[in-house]
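S.K.: Prediction below, plus the sequence it came from.
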Amino acid sequence: MSRKRRSFTTEYKVEAARRVIDSGRTIAEVARELDINEALLGRWVAEERRHIEAAASSGDQPLTAAERTELARLRRQVSEQEKDIAFLKKASASFAANQQQSSSTR
């Protein structure tokens with residue numbers, strides 16, 4: 001089996017861990033399903049369980065699956081908007097530079 005080096009977002013790690021925690025399936029089953037290392041997923045599950053316990057001890061409730069889904073959707077939307085803003089800034093700067101060039105050649 002080839003070793004793949006991948007990086008994972010925080011949201012992905014939480015969702016993968018929650019698949020184990022919420023479903024009651026084993027880490028091995030979910031790791032095979034997601035094609036990730038079992039030990040890696042085990043660390044994510046342990047970390048997410050610590051977060052759940054810490055939230056419970058301070059009286060907070062963890063996000064529901066629907067809330068996590070909505071949060072992920074909103075984060076994607078913000079990311080897309082940030083890309084759009086960056087593009088518009090570049091386009092605006094390019095347009096301004098072209099305007100200055102054309103006015104100086106007149």
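M.R.: Nice, I can see it.

S.K.: ok, longest helix in this structure?
M.R.: helix 65-104 (DSSP state H).

S.K.: any idea of the mean pLDDT in that one?
M.R.: If you average the pLDDT over helix 65-104, you get 88.

S.K.: Against which helices or strands is that helix packed?
M.R.: helix 10-23 (3 or more CB pairs under 8 Å, 6 or more residues apart in numbering; DSSP states H and E). In short, each C-beta sits where N, CA and C put it, glycine included.

S.K.: Check what contacts the next helix or strand after the helix it packs on and list those residues.
M.R.: Remark: after helix 10-23, the chain's next helix or strand is helix 27-34, criterion DSSP states H and E. Residues outside helix 27-34 that contact it (CB atoms under 8 Å, 6 or more residues apart in numbering): 16, 19-20, 23, 37-38, 40-42, 45.

S.K.: try stretch 66-73
M.R.: The contact list for stretch 66-73, computed with CB under 8 Å, 6+ apart, reads 11, 14-15, 18, 63.

S.K.: could those be laid out in JSON lines, adding neighbour count and distance to residue 77?
M.R.: Listed next are these as JSON lines, based on neighbours: other CB atoms under 10 Å; distance: CB to CB, whole Å:
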{"residue": "11", "neighbour count": "13", "distance to residue 77": "13"}
{"residue": "14", "neighbour count": "21", "distance to residue 77": "18"}
{"residue": "15", "neighbour count": "19", "distance to residue 77": "17"}
{"residue": "18", "neighbour count": "19", "distance to residue 77": "21"}
{"residue": "63", "neighbour count": "14", "distance to residue 77": "17"}
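
S.K.: Just name the closest of those to residue 82, please.
M.R.: Distance to residue 82 across these (CB to CB) is lowest for residue 11, with 16.0 Å.

S.K.: Now that closest one. Nearest residue, chain neighbours left out?
M.R.: Nearest residue to residue 11, sequence neighbours excluded (CB to CB, 6 or more residues apart in numbering): residue 72, at 5.2 Å.

S.K.: between the contacts of stretch 66-73, which is closest to residue 95?
M.R.: For those, the nearest to residue 95 is residue 11 (35.7 Å; CB to CB).
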